[in-house]
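[1] what follows is a protein structure lacking sequence information:
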């Protein structure tokens, strides 16, 4: 009995399955996104302290959630590549890295836009902001390392290794940043309970963003597989042409 | 054991006889630290307050300069292939090379740091802690750096890429190194952050060579 991941090791089977799944993901995320945006802009109350700016949260929180989940997904894919040599693991890790960087960037931007009216400044060296910024740097490192290496096989494995090193160090970095922050300024209590009228839009938006990420991730993986096939075909054509030329020269 | 000594001895001798590497790092350290007051203004009170931070950041940058040479030179002239087929496991080879980097870069920088502290009006009582933290913290710099150096061994523009990859990983070392120095003036003393810094160093000394060796194996066929 094969597990799902084993069956998906065949790229052709993955392409079939993903072609069938993709429209559902796209449709579901689009519907949820429209519903969630309606809820967060028209059908939820302004906060008694934050006023209308609280609506930034409905974008910000899903992005922040995705920034962490995607790094976890990359680490998992990297583990799958290095340990099980799963052929799709690298495709998944490669496709997820720019998406993760984008969502982390969005989380930082929306957070700082929210911070201006709330804290009076775009940026505070708060522990949480700083660790998200460092996470963003880790994403950039992954993307830069992959683009700097010519050999795709080595690039895949080295990037996977870096992702695993990053995920091992992430708790230590997070801990040290918390320590650093509490040394310098008292921690602010953001952990207020969320009112049910705001919890629903938040949940819907989080689900919509997650589905949107999976749709984009599937599409990016499909693109990557197609790109690799095109590349393989091109080298075949070139090699065939060379062989023909060699034969012609021999005759 | 003799093989370990031989390799360590070779790397140290190379670093000394090639010349430049140690001197450049120390000179860079000196220049970066002296530029800081020029940028921030000559207020001695301000400089005393941020001296530990400046020294640590400049030290990280200076150590970074020589990191990419840990494996690159040996990879280019084929020494690394010989080492990989030799009797020493690659983990040990990476550990020795990182250790050699620490001895030739980390220790000189740590010794120079208090001298530069004078330029920054660092509190005299903080000197022993500063030397202690730099000596205890720099192994983490070298051993984490070895991982980055192994990952970027084959790339062009390896130095800049290495900085992008490694600097975020230095955050714990930086934070605990600085907090140990600044806490030494306070009532609680440097104890806890100094111990955590030592723990960070020890963990990277154990795990760093494993990761570096894995990266080398991927690239050496």
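    Ah, there it is. Here the structure is a predicted model, which means the values were calculated and not measured.

[2] where do the helices of the chain begin and end?
    Using chain A here. According to DSSP state H, chain A carries its helices in the segments A:4-7, A:11-42, A:57-84, A:87-119, A:127-148, A:152-184, A:196-250.

[3] my bad, chain B
    Counting by DSSP H, chain B has helices at residues B:2-18, B:21-40, B:44-67, B:69-76, B:79-85, B:90-101, B:107-119, B:127-151, B:158-166, B:171-183, B:191-219.

[4] which among the ones you listed is found nearest to residue A:106?
    helix B:158-166 (20.8 Å; C-beta to C-beta). (Each C-beta comes from the backbone N, C-alpha and C, glycine too.)

[5] what about the stretch 1-150 of chain A, any weak spots by pLDDT?
    By pLDDT under 70, the low-scoring segments of the stretch 1-150 of chain A are A:1-2, A:48-49.

[6] could you rerun that using 80?
    Along the stretch 1-150 of chain A, segments meeting pLDDT under 80 span A:1-10, A:43-54, A:118-119, A:126-127.

[7] on that earlier part again, now for the helices of chain A, which one comes closest to residue B:92?
    helix A:152-184 (18.6 Å).

[8] chain center to that closest one: distance?
    16 Å (C-alpha atoms, centre = their mean, to the nearest Å).

[9] distance of the residue nearest in space to the middle of chain B from residue B:205?
    Centroid-nearest residue in chain B, with C-alpha atoms, centre = their mean: residue B:141, separated by 3.5 Å. Residue B:141 is 11 Å from residue B:205, where distance means C-beta to C-beta, to the nearest Å.

[10] now residue B:64
    18 Å.

[11] between the two, which one's more packed in?
    residue B:64 (21 against 18; other C-beta atoms under 10 Å in any protein chain shown).

[12] OK, contacts around that one?
    Contact partners of residue B:64, counting by C-beta atoms under 8 Å, 6 or more residues apart in numbering or on different chains, are B:145, B:162-163, B:166-167.

[13] what does residue A:93 give?
    By C-beta under 8 Å, 6+ apart, the contact list for residue A:93 reads A:74, A:77-78, A:81, A:156, A:159-160, A:163.

[14] how about the nearest residue to it, chain neighbours excluded?
    Counting by C-beta to C-beta, 6 or more residues apart in numbering or on different chains, residue A:93 lies nearest to residue A:77, which is 4.0 Å off, once chain neighbours are set aside.

[15] how much space separates that neighbour from residue A:222?
    16 Å.

[16] the more surrounded of the two?
    residue A:77 (23 against 18).

[17] quick check: residues of chain B near chain A?
    For chain B, the contact set with chain A under C-beta under 8 Å from any C-beta of the partner chain comprises B:147, B:151-152, B:154-158, B:161, B:164-165, B:167-169, B:171-172, B:175-176, B:179, B:183, B:193, B:196, B:200, B:203, B:207, B:211, B:214-215, B:218-219.

[18] and chain A, which of its residues are near chain B?
    By C-beta under 8 Å from any C-beta, the residues of chain A that approach chain B are A:82, A:134, A:137-138, A:140-141, A:144-145, A:148-149, A:151, A:154, A:157-158, A:161-162, A:164-166, A:168-169, A:172-173, A:175-177, A:179-180, A:183.

[19] burial count for residue 41?
    No chain was given, so I picked chain A. Residues within reach of residue A:41, counting by other C-beta under 10 Å, total 12.

[20] right idea, wrong chain: chain B
    Using other C-beta under 10 Å, residue B:41 is surrounded by 9 other residues.

[21] likewise residue A:52?
    Applying other C-beta under 10 Å, I find that residue A:52 has 10 neighbouring residues.

[22] just checking, it touches residue A:45?
    No: when contacts are counted by C-beta atoms under 8 Å, residue A:52 is not listed as touching residue A:45 (10.1 Å).

[23] hang on, residue B:138 packs against residue B:60?
    No: when contacts are counted by C-beta under 8 Å, residue B:138 is not listed as touching residue B:60 (9.3 Å).

[24] looking at those two, which one has more neighbours?
    Legend: neighbour count by other C-beta under 10 Å for residue B:138 and residue B:60, higher for residue B:138 (27 against 22).

[25] pull out the buried members of the residues of chain B next to chain A.
    B:147, B:151-152, B:154-155, B:158, B:161, B:164-165, B:167-169, B:171-172, B:175-176, B:179, B:183, B:193, B:196, B:200, B:203, B:207, B:211, B:214-215, B:218-219 (16 or more other C-beta atoms under 10 Å in any protein chain shown).

[26] low pLDDT regions in chain B?
    Residues of chain B that meet the criterion pLDDT under 80 lie in B:1, B:18-22, B:125, B:156-159, B:182-191, B:221.

[27] 50 - rerun?
    By pLDDT under 50, chain B has no low-scoring segment.

[28] need the nearest residue in space to residue A:151, chain neighbours excluded.
    Spatially, and ignoring its direct neighbours in sequence, residue A:151 is nearest to residue B:154 (7.8 Å; C-beta to C-beta, 6+ apart).

[29] now swap in residue B:179 and tell me
    Excluding the flanking residues, the one nearest residue B:179 by C-beta to C-beta, 6+ apart is residue B:193, at 4.3 Å.

[30] kindly report the same for residue A:213.
    Leaving aside its chain neighbours, residue A:213 sits nearest to residue A:66 (5.5 Å; criterion: C-beta to C-beta, 6+ apart).

[31] what's the one you found in contact with, if anything?
    Here residue A:66 is in contact with A:100, A:103, A:107, A:209-210, A:213 (C-beta under 8 Å, 6+ apart).

[32] how much space between it and residue A:101?
    Applying C-beta to C-beta, one obtains 11 Å for the distance of residue A:66 from residue A:101.
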